[in-house]
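Fold the following, please.
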Amino acid sequence: MAPKFILTGVLVCALAGVASAETMDSTDPTFQKFLAMPGAVSIMTNAVRHVPGERLGVCATRFKITGLKYGITKPVRFDPNGVPESGQWQLQAPTDACGTVLNIFFTALGKGDIQYDVGLSGSTKAELQLQLDTIPAATKSVGKIAKDCKLFGAVGASWGGFGLPGKPDPGPGPDAKNHTWWETWTILACDRIYEVPVGFKAVPGDTTYFVFEPKATDKVVKPQPTPPS
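Next comes the predicted model:
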């Protein structure tokens, strides 16, 4: 029986199994075979439709995807039907909306359930949970300036460099266990865009974030409904 996929609040694959195979490489044949399944293609593309409009910032409008890229963020294990039963992978979807790159994370929960979470657009190096932990602090810092606003949205992030803002460090190398880096996060407060420098200190088993003084920009955007792809 061929796999069946249904898009809901979570993404559901009506499959089950016992034996497993593991991969950490998105070019692995098993993972590529899964991506080629019609249901998997539908899951990935339909998830893009659920991206909040503010993720596209001042370019929140109809958009087209220019190409999809995948990366394994947690080891993926497959059931006998070739459907992920555990693990996580990231979909990067470059768009023609001001060059915005959307980031969507898929997590296999077992018994065929696949959940998706929309991460910050752009080039943040923070993994998904770290993003979710840091967003409230970033929006709170903007709230201290935009005191009359009650509606906030995380728009995206751009890479700053190693070290902290104003204190650059050389690249730590691929084997470094302790290092710092910073990014500029874009926060939407009502209709005004703010830029918030955010620093990160990575140590084994943990990463700490630091939120610096936000800066208002002259960019204005109205929150919009999810744009179709």
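
Count residues in the vicinity of G156, would you?
G156 has 24 neighbours, counted by other CB atoms under 10 Å. Heads up, the C-betas are built off the backbone N, CA and C, glycines and all.

Please report how far it lies from F31.
27 Å (CB to CB, to the nearest Å).

And the next helix or strand past the top helix by length along the chain?
When the chain is parsed with DSSP state H, its longest helix is helix 128-143. Later in the chain than helix 128-143, the nearest helix or strand by DSSP states H and E is strand 152-164.

would you put the C-alpha positions of that next one in PDB?
Provided in PDB are the C-alpha atoms of strand 152-164 (Å, rounded to 0.1, in the frame of the first residue of the first chain):
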ATOM      1  CA  PHE A 152       4.500  42.100  17.800                       C
ATOM      2  CA  GLY A 153       5.900  39.700  15.200                       C
ATOM      3  CA  ALA A 154       9.400  38.200  14.500                       C
ATOM      4  CA  VAL A 155      10.200  38.900  10.900                       C
ATOM      5  CA  GLY A 156      13.600  37.500  10.300                       C
ATOM      6  CA  ALA A 157      17.300  37.500  11.100                       C
ATOM      7  CA  SER A 158      20.600  38.200   9.400                       C
ATOM      8  CA  TRP A 159      24.000  37.000  10.300                       C
ATOM      9  CA  GLY A 160      26.300  39.500  12.000                       C
ATOM     10  CA  GLY A 161      29.500  37.800  12.700                       C
ATOM     11  CA  PHE A 162      31.500  36.000  15.300                       C
ATOM     12  CA  GLY A 163      32.000  37.800  18.700                       C
ATOM     13  CA  LEU A 164      29.400  40.300  19.900                       C
END
